[in-house]
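J.: below are the sequence and a predicted model; questions follow.
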Amino acid sequence: MYSTAITAISGDAAVDAQDAAAEKGNTAQIAMYNQMRDDVKPWMEAGVRSLGKMQEADYMRDFKVADYEADPGYAFRMEEGQKALERSASARGGLMSGGTLKALTKYGQGVASEEYGNAYNRFNADRDRRFGRLNTMSNSGLQASTSLFGPGSQVGSSLNANAVGVGNARAANHLRTGEAINKGMENGMSMMAMYCDRRLKTDIEAVSKSDLLEMKNHLTAYKFKYRNDKYGKGDYIGVMAQDLEKSKLGKTLVMEDHEGNKVIDVNRVLMLFLATMAEA
């Protein structure tokens, strides 16, 4: 029965150790994954911000007259051309003449016609350039996020494997404990019951009174205590295995455990006791 308890205790200790190791491993893996997330977080946040700007209405609208009029190229060329015409007319003394006004009008129309296409191209080129930069940043965020898929899946698989491993260990321990309990019960029953059916025995011989007397002569009753409580607590009265071994019959009653300690086979003692009663 002691072995049953030892089996249960050692099994529980082994499972607890595995559980603690799995928990420690889980904590380390989660911490590592969280550190990876923190490392790529700036790129992910920049990608999210860039994606939001790419979806703003300004990138979806068409070129307007207001954009043309606000174009710096058109405004600069118009202003410089007008100044040149005005200076030329002023030098000739015809600043406010009809010819000057006609020339200014013709120049403005020409500039408007030529610069419209330029302003349109500059508008789209500038918007495409800004959109491209935002798209690059957005892709960087996407790549940073994608880089976590593999490690995240591995961490999940490891956590699952650790949980399954601990569960299997507990199940195996329960089975071993159950088997040990059954075996202990069987051993306990065999210690309590002595098979005395003649049909189960062979090499049957009568024991002589002289052999019984020899064993008795070597026995002494002692009062004692065990050095270690695991062998027994309190006061005991009994015999010593070394005394039993001095006689022919006594030798058959003594065994040794796995540590080399001498123990007495209780079943054999009881049967021998009954035999001494038969010879009394």
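T.: Yep, it's here.

J.: contacts only, for the nearest residue to Val269 once chain neighbours are set aside.
T.: Distances taken as Cβ to Cβ, 6 or more residues apart in numbering put Leu253 closest to Val269, at 5.7 Å, once the chain neighbours are dropped. C-beta coordinates here come from the backbone N, C-alpha and C atoms, glycine included. Leu253 makes contact with 244, 264-265, 268-269, 272 under the criterion Cβ atoms under 8 Å, 6 or more residues apart in numbering.

J.: model confidence for Leu253, exactly?
T.: With respect to pLDDT, Leu253 scores 89.

J.: list phi and psi for it.
T.: Main-chain dihedrals, Leu253, degrees, to the nearest 10: phi -100, psi -10.

J.: returning to that earlier point: from the contacts of Leu253, which land in strands?
T.: Ile264 (DSSP state E).

J.: export the contacts of Leu253 to JSON lines and tack on neighbour count, distance to Glu45 and pLDDT?
T.: Formatted as JSON lines, those follow (neighbours: other Cβ atoms under 10 Å; distance: Cβ to Cβ, whole Å; pLDDT from 0 to 100):
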{"residue": "Leu244", "neighbour count": "20", "distance to Glu45": "85", "pLDDT": "91"}
{"residue": "Ile264", "neighbour count": "16", "distance to Glu45": "79", "pLDDT": "88"}
{"residue": "Asp265", "neighbour count": "14", "distance to Glu45": "78", "pLDDT": "84"}
{"residue": "Arg268", "neighbour count": "15", "distance to Glu45": "82", "pLDDT": "82"}
{"residue": "Val269", "neighbour count": "13", "distance to Glu45": "82", "pLDDT": "81"}
{"residue": "Leu272", "neighbour count": "18", "distance to Glu45": "87", "pLDDT": "79"}
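
J.: of all the contacts of Leu253, which comes closest to Met60?
T.: Closest approach to Met60 among the contacts of Leu253 (Cβ to Cβ): Asp265, at 96.4 Å.
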